[in-house]
Structure formats: C-alpha cells, structure tokens
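S.K.: Predicted model follows, preceded by the sequence.
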Amino acid sequence: MNKGYGVQLTAATHGAAESTTAPILVVAADEQDALLLAAEAAGPSATAEVLRELTEAEIAEHGLDLAQRGSMKSLAVLNL
C-alpha cells in the first residue's frame, strides 16, 4: 500500500546562481520510491530528501489519494 511523504526538493533554476528548494507531498510505496519520483519529476539537476511520513490527518488535509502512486502536491513557499 502507498503512503504519503513530505519531501524537500532542491533543483537548479536556469540562469540563477542559487538552487530553488520546495516542499512537496508525494504518494509512494516507500521512502526510496518517494525520492526517485520527486527527483525524476524535477529533472536531472534535482535532489530530494524525505523529511517524514505523513499522518492520516495530513493526508486527508491535503486531499492525497493513496491509490495514485506518483501523485504530488507542492506546498507554498514564502519569499520574504
């Protein structure tokens, strides 16, 4: 059965000196699967780190469907 994971994704932006980091939610079979799915979706210059497995309440709050392996949602990033 799939689970929900909080993943930090870091990707190089074309023309930018710094990389962009974004929090995303990933539905995957396990932590390794979540890493591979997130990095693959962001491209060859991306790296991913699983922060933790999501709780049932968080899965419901963000409307994740655990039957859809590979689905992802990006969380808001504030540029203050």
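M.R.: It's in.
S.K.: just checking, what's the longest helix in the chain?
M.R.: helix 31-42 (DSSP state H).
S.K.: And the contacts of it?
M.R.: With CB atoms under 8 Å, 6 or more residues apart in numbering as the test, helix 31-42 has contacts from 5, 7, 9, 11, 24, 26, 28, 46-50, 53, 69-70, 72. Every C-beta, even on glycine, is put in place using the N, C-alpha and C of the backbone.
S.K.: Next: stretch 13-24.
M.R.: Applying CB under 8 Å, 6+ apart, the contact partners of stretch 13-24 are 6-12, 38, 51, 72-75, 77.
S.K.: Name the member of the contacts of helix 31-42 that has the highest neighbour count.
M.R.: For the contacts of helix 31-42, neighbours were counted by other CB atoms under 10 Å; the highest total belongs to residue 26, with 28 neighbours.
S.K.: Just to be sure, that residue is in a strand?
M.R.: Yes. Remark: residue 26 belongs to a strand, assigned using DSSP: H, G, I helix; E, B strand; the rest coil.
S.K.: so who does it touch?
M.R.: By CB under 8 Å, 6+ apart, the contact set of residue 26 is 4, 5, 7, 34, 37, 38, 70, 71, 72.
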